[in-house]
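Asker: no FASTA, just this:
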């Protein structure tokens with residue numbers, strides 16, 4: 001049975017809070033593999049409590065490296081763990097069966113395993129060609145150091161190879177074929193490697209990493225900027241706000257850090273402080289009569305921004321929402337359904353989506369459906385600053401990315417009944 005949460009905020013709507021956000025999943029999973037590859041010379045702080053990071057951490061802690069018997073490693077639904085471990089285990093002494101959920105067995109991994117076998121790994125498919133489960137016999141015996149890989153399928157394949165590269169006796173030259181569609185994630189991987197003393201060269205479509213040792217260092221995983229976005233929305237809907245988020249960096253590798261710029265429209269100003277960032281609700285909402293926001297590079301922020309704009313009665317237009325229809329749910333339809341509960345329409349005209357807030361009204365209570373989508377829950381929860389009670393259906397959906405969201409709301413003065 002799904003449980004609901006009721007959120008309210010009594011008294012003056014002034015927010016003054018310091019919130020310690022969980023680490024970015026993307027950074028955490030890279031940091032864990034680097035920690036293991038460095039033989040623990042590289043330490044990691046501020047790990048995420050998101051499910052796939054917890055899974056990867058547990059697996060790496062429990063592994064033993066022996067050929068005495070085959071070890072079965074089940075990543076569940078954690079796609080990043082599957083891809084990163086395929087590369088990591090190929091270089092380790094042991095026989096491994098790397099598997100996951102039934103859905104994971106339908107997600108292709110052939111491009112990565114073929115690249116690894118090209119280097120000298122011994123990976124076979126236990127069931128369907130090109131898909132998990134994988135039978136891995138390590139360690140690989142490197143036979144070449146220049147391989148090609150497609151750049152428009154998954155950046156995680158490329159990142160898995162790049163993290164392994166400095167440990168290979170001959171290093172690695174990775175030739176990226178075609179367009180590299182997720183460059184920020186490759187940039188993130190290389191930046192984290194560089195922080196650990198690994199040098200690289202990137203010329204056009206060639207990335208070269210020589211064999212070299214990791215340097216002792218500590219990777220402090222930056223908190224998740226998409227989680228930070230909900231605190232920006234809280235600030236935007238409050239009467240006044242002073243919120244600090246330790247360890248976040250304005251100059252971030254995460255695309256969702258664009259929230260700090262976008263939220264200037266709503267009068268939120270961000271500044272760097274000694275140990276992170278802070279932002280205040282002290283500016284005027286900009287004239288947005290003809291404004292169109294392009295969210296193509298940060299679609300995970302769409303629900304947050306659209307709900308805030310709707311609640312403030314701003315008839316903003318948006319582009320770059322094409323991928324929202326194929327996320328955890330059809331997020332466009334979900335937004336249209338739930339915004340209607342406060343009298344707001346989200347019109348679709350080709351690739352342009354426009355808010356119509358002419359009938360905006362706030363009832364004493366609304367019940368928000370989440371459609372098994374964590375971002376629906378967290379995008380609509382801040383409406384409790386404007387509505388007496390906001391009930392969120394199936395509140396546990398937040399565990400996917402921000403398990404302590406409801407606890408953090410309480411720290412900021414919200415009342416949460418579960």
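Answerer: Received, thanks. Remember, predicted model here, so these are calculated numbers, not experimental data. Numbers count the residues shown, from 1 in each chain.

Asker: I'd say residue 286 and residue 268 touch.
Answerer: No. Using C-beta atoms under 8 Å as the test, residue 286 is too far from residue 268 to be in contact (11.0 Å). C-beta coordinates here come from the backbone N, C-alpha and C atoms, glycine included.

Asker: more crowded one of the two?
Answerer: For residue 286 versus residue 268, neighbours defined as other C-beta atoms under 10 Å are more numerous around residue 268 (26 against 12).

Asker: next one: phi and psi at the more buried one?
Answerer: Phi and psi for residue 268, reported as degrees, to the nearest 10, are phi -100, psi 120.

Asker: low-confidence ranges in the protein?
Answerer: Low-confidence segments of the chain, defined by pLDDT under 70: 1-2, 181-182, 287-290, 323, 326-329.

Asker: need the strands for the stretch 151-300 of the chain, in chain order.
Answerer: With DSSP state E, counting those that start in this stretch, the ranges of strands along the stretch 151-300 of the chain come out as 172-177, 201-203, 206-209, 217-220, 240-246, 268-273, 276-281, 292-294.

Asker: For the first one, buried residues please.
Answerer: Spelled out, that is strand 172-177. Neighbour-count burial for strand 172-177, counted by 16 or more other C-beta atoms under 10 Å, picks out 172, 173, 174, 176.

Asker: now swap in the fourth one and tell me
Answerer: By neighbour count, and taking 16+ other C-beta under 10 Å as the criterion, the buried residues in strand 217-220 are residue 219.

Asker: Go ahead and name everything in contact with that strand.
Answerer: In this structure, residues lying in contact with strand 217-220 by C-beta atoms under 8 Å, 6 or more residues apart in numbering are 27, 31, 34-35, 41-46, 192, 195-197, 247.

Asker: Name only those of these that count as buried.
Answerer: 27, 31, 34, 35, 42, 44, 46, 192, 195, 196, 197, 247.

Asker: Got phi/psi on the second one?
Answerer: For residue 31, the backbone dihedrals (degrees, to the nearest 10) come out as phi -60, psi -40.

Asker: who's in contact with it?
Answerer: Contacts of residue 31 by C-beta under 8 Å, 6+ apart are 42, 44, 47, 192, 219, 221.

Asker: again, 6 Å this time
Answerer: Neighbouring residues of residue 31 by C-beta atoms under 6 Å, 6 or more residues apart in numbering: 44, 219, 221.

Asker: Which stretches in the stretch 51-200 of the chain count as helices?
Answerer: Secondary structure of the stretch 51-200 of the chain by DSSP state H, counting those that start in this stretch: the helices cover 51-62, 79-90, 110-119, 155-164, 183-195.

Asker: got those as TSV, with distance to residue 130 columns?
Answerer: Putting the helices of the stretch 51-200 of the chain into TSV (distance: least, C-beta to C-beta, whole Å) gives the following:
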stretch	distance to residue 130
helix 51-62	22
helix 79-90	12
helix 110-119	3
helix 155-164	13
helix 183-195	22
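
Asker: Work out the gap between stretch 45-56 and the centre of the chain.
Answerer: Taking C-alpha atoms, centre = their mean, to the nearest Å, the mean C-alpha location of stretch 45-56 is offset from the chain mean by 12 Å.

Asker: same check, this time on stretch 119-126
Answerer: Per C-alpha atoms, centre = their mean, the centroid offset for stretch 119-126 relative to its chain is 29 Å.

Asker: now what about it, what contacts it?
Answerer: For stretch 119-126, contacts defined as C-beta under 6 Å, 6+ apart pick out 90, 113, 116-117, 133-137, 140-143.

Asker: can you pick the most crowded of those residues?
Answerer: Going by other C-beta under 10 Å, residue 136 tops the contacts of stretch 119-126 with 28 neighbours.

Asker: Okay, that residue and residue 87: tell me how far apart.
Answerer: Going from residue 136 to residue 87 by C-beta to C-beta, to the nearest Å gives 10 Å.

Asker: list residues touching both of those two?
Answerer: By C-beta under 6 Å, 6+ apart, no residue touches both residue 136 and residue 87.

Asker: Which stretches in the stretch 301-418 of the chain count as helices?
Answerer: Using DSSP H, counting those that start in this stretch, helices in the stretch 301-418 of the chain cover 302-311, 331-339, 374-380, 405-411.

Asker: can you put the ones you listed in a markdown table and add mean neighbour count and distance to residue 17?
Answerer: Output for these, formatted as a markdown table (neighbours: other C-beta atoms under 10 Å; distance: least, C-beta to C-beta, whole Å):
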| stretch | mean neighbour count | distance to residue 17 |
| --- | --- | --- |
| helix 302-311 | 26 | 17 |
| helix 331-339 | 20 | 26 |
| helix 374-380 | 27 | 16 |
| helix 405-411 | 17 | 6 |
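
Asker: Fine by me, thanks again.
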